[in-house]
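**Student:** Structure here, sequence nowhere to be found:
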């Protein structure tokens, strides 16, 4: 007997994702601990806000689902009716770093202050030239199958959104099974090119299964990745 699970984007979310192909006014993030990866430059974890030109802003995060003895996830997109702009950092204007909330020294009141620790905010070059106009978006879909003594299992999940910028450079939003519901942004494909291009040279420790988080999954898994274009 085979147990199956489908973690596809809903049709409303697919329509939202298709709107990412167009003009972006900004790309925002929530600053704080764990934002920048100390091991992978250009990889950031947050709940992201894409500010679209002439459209409602979109929040990009992860939907986590416990299943088959582990945690699965898919990318999630939601429209944002309102948000407080000064709270967020910006990839388009890196000097805008947002704010961090913490308790005061006497633990009686909360205060906000700019993120001051290394890795709490974006310190790279502006991504405006890259993402100001996004001509192409694609869904990154994983298809996984495995087995154990009580039977076989399989799932498919829309794990991410691949973005081709105006300069031809590729970036990637990828879901992860974190309790915080943060997604990750790979500013450049880098090691993650293995998810976007099956012909990309293999890199030890960066197979599609490992990049998707299944390197330590108990038992063997058959992992495949498909890309599907999104259009309105």
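**Tutor:** Structure received. Since we're looking at a predicted model, the values are computed, not measured.
**Student:** quick one, helices of this protein?
**Tutor:** 11-18, 128-131, 193-196, 208-211 (DSSP state H).
**Student:** what's near enough to touch residue 62?
**Tutor:** The contact partners of residue 62, by Cβ atoms under 8 Å, 6 or more residues apart in numbering, come to 73-76, 175-178, 181-183. Just so you know, the C-beta spots here come from the backbone N, C-alpha and C atoms, and that holds for glycine as well.
**Student:** How confident is the prediction for it, by pLDDT?
**Tutor:** Residue 62 is assigned a predicted lDDT (pLDDT) of 97.
**Student:** Counting neighbours, what do you get for the nearest residue in space to residue 221 that is not next to it in sequence?
**Tutor:** Closest residue to residue 221 apart from its sequence neighbours, by Cβ to Cβ, 6 or more residues apart in numbering: residue 146 at 4.5 Å. Residue 146 has 18 neighbours, counted by other Cβ atoms under 10 Å.
**Student:** need the contact list for residue 146.
**Tutor:** Per Cβ under 8 Å, 6+ apart, neighbours of residue 146: 68, 152-154, 217, 219-222.
**Student:** quick revisit: buried ones among the contacts of residue 62?
**Tutor:** 73-76, 175-178, 182-183 (16 or more other Cβ atoms under 10 Å).
**Student:** Can you tell me which of those residues is nearest residue 4?
**Tutor:** residue 74 (14.8 Å; Cβ to Cβ).
**Student:** Pull up the gap between that closest one and residue 33, please.
**Tutor:** According to Cβ to Cβ, to the nearest Å, residue 74 stands 25 Å off from residue 33.
**Student:** Residue 171 now?
**Tutor:** 23 Å.
**Student:** likewise residue 92?
**Tutor:** In terms of Cβ to Cβ, residue 92 sits 23 Å off from residue 33.
**Student:** partners of residue 46 in the sheet?
**Tutor:** Note on residue 46: beta-bridge partners residue 183, judged by DSSP bridges.
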